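Novice: The following block contains a protein sequence and its predicted model.
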Amino acid sequence: MGGPCRPSGCRRPKPYATRRGIAVSLNASAQSFHPKRKSRISRASIGLILAAVLVFMVPAYYKLVQLDVSSGLALGLLLAAVSLALLPLWIASSLWYSTAELRLEGGNLIYRALGRRKSWPMNATKRLVRGKILVQNLKAASYLDEELLFLDSSNRCFLRLGPTWPHSRIAHAIGLSIEPTATEVVTATDAARTYPGSYSWLVAHPVRRYFLALGLGAVGFAVFVLILAIRG
């Protein structure tokens, strides 16, 4: 039969676990982190918009004028098209900022955004690496962002958080120090090579992304002209 332990023969389990010399509480309440919304439009966004206008909208305007559409109507149609194209981007950005959350709970790392949820064990994060990484564009301004990369035991990145997230607070809560990125990592292409999974194929290959955008734009413009021709 069981009975009360004697003081010299009973040890209570410690309410913390030691990880790399850092005590991490097992009974602590869940911690939640959110990105800080940008207060202004970045230069990269402005560059992308101007590039889209120059590459696609100006030729479309002259094409409409050649189809006996008045200049005022052609300009109005193109402005409406630009607004309709940017509206979903603005809505998606607002929804992302309102739903994005990183939560540390029950020994798990939980990321939520736009209704999607991903979860990893806390001990899956072996290293936290941070550095300024250049995302290159051909016809738009390239932009530099400070990214925090979560790396597993195989040096693969399974989560990347941009500069709007509180990097230092997240690292402190996880119990790991932030390391600088490798010296050879300058661009997103370098990061995707050194830390697989950190950037998607499209972001890591600006030339291929540019030609893909040209192809999609050409298809969209052809469909737009075809609709006008059928209706006219």
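Specialist: Cool, the structure landed. All values derive from a computational prediction rather than experimental measurement.

Novice: any idea which helix or strand carries the nearest residue to Thr125 once chain neighbours are set aside?
Specialist: Residue nearest to Thr125 in three dimensions, not counting chain neighbours: Phe150, with 5.1 Å by C-beta to C-beta, 6 or more residues apart in numbering. (Each C-beta comes from the backbone N, C-alpha and C, glycine too.) Applying DSSP states H and E as the criterion places Phe150 in strand 143-151.

Novice: any idea of the mean pLDDT in that strand?
Specialist: On average, the pLDDT along strand 143-151 is 92.

Novice: With Glu105 as the reference, measure out to the residue nearest to Thr125.
Specialist: Using C-beta to C-beta, to the nearest Å, Phe150 is found at 16 Å from Glu105.

Novice: circling back to that earlier point, residue contacts, the residue nearest to Thr125?
Specialist: Residues near Phe150 by C-beta atoms under 8 Å, 6 or more residues apart in numbering: Leu109, Thr125, Leu128, Cys157, Phe158, Leu159, Arg160, Leu161.

Novice: and which of those is nearest to Tyr143?
Specialist: Closest approach to Tyr143 among these (C-beta to C-beta): Arg160, at 15.0 Å.

Novice: which SS class is that closest one?
Specialist: The three-state assignment at Arg160 reads strand, by DSSP: H, G, I helix; E, B strand; the rest coil.

Novice: what does Pro35 give?
Specialist: coil.

Novice: quick one, what contacts it?
Specialist: Here Pro35 is in contact with Tyr97, Ala100, Leu161, Gly162, Thr164, Trp165 (C-beta under 8 Å, 6+ apart).

Novice: now do 10 Å
Specialist: Trp96, Tyr97, Ala100, Glu101, Leu102, Ala113, Leu161, Gly162, Pro163, Thr164, Trp165, Pro166 (C-beta atoms under 10 Å, 6 or more residues apart in numbering).
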